[in-house]
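Student: Sharing a sequence plus its predicted fold:
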Amino acid sequence: MPELPEVETMRRGILGAVGGKITLVEKTRCLKKPISITPSIAQIRRRIIGKRITNVDRIGKRVVVCVGGTAEKANDFLILEPRMTGLVLVANPPTDEHMRFRMEIAGSDVDEIGFWDRRGLGNVRLLNQTELNEQLGPSKIGPDAIKISAGEFFERFSASGREIKVALLDQKLIAGVGNLYASEMLHLAKIHPQRKCNEIKKPSYTKLHEKMLDILLDAIKHEGSTLSDGTYRNALNKDGSYQNMHQVYDRADEICFTCKKNKVIRVVQAQRATFFCRRCQR
DNA sequence: CCCCAGTCCTGCGGGC
DNA sequence: TGCCCGCAGGACTGGG
């Protein structure tokens, strides 16, 4: 399940395409149920074939391929949104029915970018600057989790009456945190996931911000978490290794690594599994 | 404002 | 051994 570290790894995996010229754009053939690709492939081709990739960016859990113009001010933005099972691949991408979209690029280290998605919940969008602001601007997507300051983090969360774990998943409040890393950061910060945001004291927010940064940056170093279902992999189709660092995620009924006494508990919040330790997190 | 359930979709593992 | 069902959750939507 790609969250910030996984999507950042995808971004870095195709950074070598910057400076290259797009020579081919295609939906992959033999698809049963195509994913959402907008606008039409014909229109995408008209707008980006022959154009240069000027940057590769990330907005929350989406990879943004900037096309035309300059690195600071591109003409068009190709959004690759993996959702649950999407992968952004560069080398020898599989040619099975889950391959959804691909581009060929000339004159750069990366000569191919593929979008593979087993479940097909992801999407590909080509946006201009106005559409980008409307769909993925600050009113829709909060500050990035690895860029937000401790002060702004506190300001954004402390007034809410929601449970902290649920609020962390709200991409309008903060961008990039998903179900897995939310459990992990609350564990290291020793905060109970069901505690209301407005009950948590400022020093705890400072600690949560610190642990969030630690975990996300460490997970990027490990190229993300590849779970036992094997859904996420990096741009070279290789597993990440941060799954070996998990403290609580998917460890229900196992002994907590921190206190070595209590078992990790699994609860459901907002229809999603949360893992935590009753002794360590209050 | 916030919450909740439903929607999309495939592969898997538990249970019988 | 084989089959069925429920679950996994990111983002969005509609109703309360």
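Tutor: Arrived safely, thanks for sending. In this text the structure is predicted, and so the values were computed from the model without any measurement. Numbers count the residues shown, from 1 in each chain, chains lettered A, B, ... in the order given.
Student: phi, psi of residue A:259?
Tutor: When read as degrees, to the nearest 10, the backbone of residue A:259 gives phi -90, psi -20.
Student: Residue of chain A closest to DNA strand B, please.
Tutor: At 3.4 Å from DNA strand B, residue A:162 is the closest residue in chain A, using CB to the nearest atom of the strand. C-beta: built from backbone N, CA, C; applies to glycine.
Student: so who does that residue touch?
Tutor: When contacts are counted by CB atoms under 8 Å, 6 or more residues apart in numbering, residue A:162 touches A:170, A:196, A:197.
Student: ok, now how distant is it from DNA strand C?
Tutor: Residue A:162 sits 12 Å away from DNA strand C, taking CB to the nearest atom of the strand, to the nearest Å as the criterion.
Student: got it, and residue A:212?
Tutor: Applying CB to the nearest atom of the strand to residue A:212 and DNA strand C gives a distance of 15 Å.
Student: Could you give the number of residues near that residue?
Tutor: For residue A:212, the neighbour count with other CB atoms under 10 Å is 27.
Student: contacting residues for it?
Tutor: Residues counted as contacts of residue A:212 (CB under 8 Å, 6+ apart) are A:145, A:153, A:177, A:181, A:185, A:189.
Student: Got the confidence number for it?
Tutor: In this model, residue A:212 is scored at 95, pLDDT.
Student: List buried residues within the contacts of residue A:162.
Tutor: Taking 16 or more other CB atoms under 10 Å as the criterion, what is buried in the contacts of residue A:162 is A:170, A:197.
Student: for the contacts of residue A:162, which one is nearest DNA strand C?
Tutor: residue A:170 (8.5 Å).
Student: Which phi and psi values does that closest one adopt?
Tutor: Here residue A:170 shows phi and psi, under degrees, to the nearest 10, equal to phi -80, psi 110.
Student: what does residue A:20 give?
Tutor: Torsion angles at residue A:20 (phi, psi; degrees, to the nearest 10) stand at phi -80, psi 160.
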